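In: Sequence and predicted structure below; questions after.
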Amino acid sequence: MNISATIEKLGTMRMYGFQRAYIQLTENAGQQQFTPDEIVAHLVDAEFDDKYNRKLDRLVKQARFKQQARFEQINYTHPRKLDKNYLLRLHNCDWIIKGRDLLVTGPTGVGKSYIICALGYQACINELKTLYITANKLLDSLAYAKADGTYFKVVDSLSKTRLLIIDDFALRKIDPKQCNMLMDVIDERHGRASTIVSSQLKVKDWYECFAEPTLADAILDRLVNGSYRIELEGETMRKFLEKE
């Protein structure tokens, strides 16, 4: 058996996890004894883990999260009315599988972006395609796509994203053209994919941010009805962290 040829073939087939584990086994052959089924299981596990980790890295990179956030590092001690049990219900991402939405509101500095990025990372762990983007950047990107003829391609791509995270919603007035574009995105995703919307304003105040009332009704009807809610309160966490 030509070990070098086997290792080379594994690299050609991009079976890098299998390749590394196989090299380790050949190097330690004199030190440990394995049954054939144990060897096969070890090699398959190594390849499976390698493919999963590479896919996770790719999903996280594509998501373009604002910050590196992890679910287990979310702060529950700061007084901001964050219900740990409620948040844990979102941990397994079943709500994303079912196409439900999540609305997160609260004043500046209470950790909205960290929470939604942590939930986005959790979606990546569950191998769900995710994208983080601010509301202003989303609307600007759609406007640019309209101008260069790629609009329908961009909307189609957004519709296929399992979790779309829209941060800093309603920081500026949404004009009629933007209302139409946002409606296209939300309507394409409604009931088929999940959207997280984060805002400093309470949900009841979102209506006033739309320049077109009819489209405001249609967009909010799709986002609000049946959605999960996290409504944070309290002072900025930056003060809290500075005191520690």
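Out: The structure has been received and is ready for your questions. Numbers count the residues shown, from 1 in each chain.

In: domain assignment for this protein?
Out: Domains of the chain are assigned by automatic domain parsing as 3-61, 64-243.

In: quick one: the spatially most central residue of the chain and residue 71, what's the gap?
Out: Nearest residue to the geometric centre of the chain (CA atoms, centre = their mean): residue 120, 2.7 Å. Residue 120 sits 10 Å away from residue 71, going by CB to CB, to the nearest Å. To be clear about C-beta, it is placed using only N, CA and C from the backbone, and glycine gets the same treatment.

In: where along this structure do the helices fall?
Out: 3-12, 16-27, 36-63, 84-88, 94-97, 112-125, 135-148, 151-159, 176-189, 213-224, 237-243 (DSSP state H).

In: Pick the most buried one from these.
Out: Of all these, helix 112-125 has the most neighbours on average by mean count of other CB atoms under 10 Å, namely a mean of 22.

In: Please state the mean pLDDT value computed over that helix.
Out: What helix 112-125 shows for mean pLDDT is 97.

In: repeat for stretch 92-100
Out: Rounded mean pLDDT across stretch 92-100 is 95.

In: how long is that stretch from one end to the other?
Out: Its first and final residues considered, stretch 92-100 spans 13 Å by CA to CA, to the nearest Å.

In: which one of the domains of the chain has the lowest average pLDDT?
Out: When mean pLDDT is averaged over each of the domains of the chain, domain 3-61 scores lowest at a mean of 76.

In: If the residue nearest to residue 64 when sequence neighbours are not counted is in a bridge, with which residues?
Out: In space, residue 64 comes closest to residue 132 once its chain neighbours are excluded; the distance is 5.5 Å by CB to CB, 6 or more residues apart in numbering. Beta bridges link residue 132 to residue 165 when assigned by DSSP bridges.

In: residues near residue 132, how many?
Out: Residue 132 is flanked by 23 other residues according to other CB atoms under 10 Å.

In: I'd guessed it sits against residue 118; true?
Out: No - under the criterion of CB atoms under 8 Å, residue 132 is not in contact with residue 118, lying 11.2 Å apart.

In: what's the offset of stretch 72-80 from the middle of its chain?
Out: Distance, stretch centre to chain centre, for stretch 72-80: 20 Å (CA atoms, centre = their mean, to the nearest Å).

In: and it, which residues are buried?
Out: Using 16 or more other CB atoms under 10 Å as the test for burial, stretch 72-80 gives 74, 78, 80.

In: okay if I get the helices of the chain as TSV plus distance to residue 169?
Out: Listed next are the helices of the chain as TSV, based on distance: least, CB to CB, whole Å:
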stretch	distance to residue 169
helix 3-12	47
helix 16-27	41
helix 36-63	18
helix 84-88	20
helix 94-97	19
helix 112-125	10
helix 135-148	4
helix 151-159	15
helix 176-189	10
helix 213-224	10
helix 237-243	20
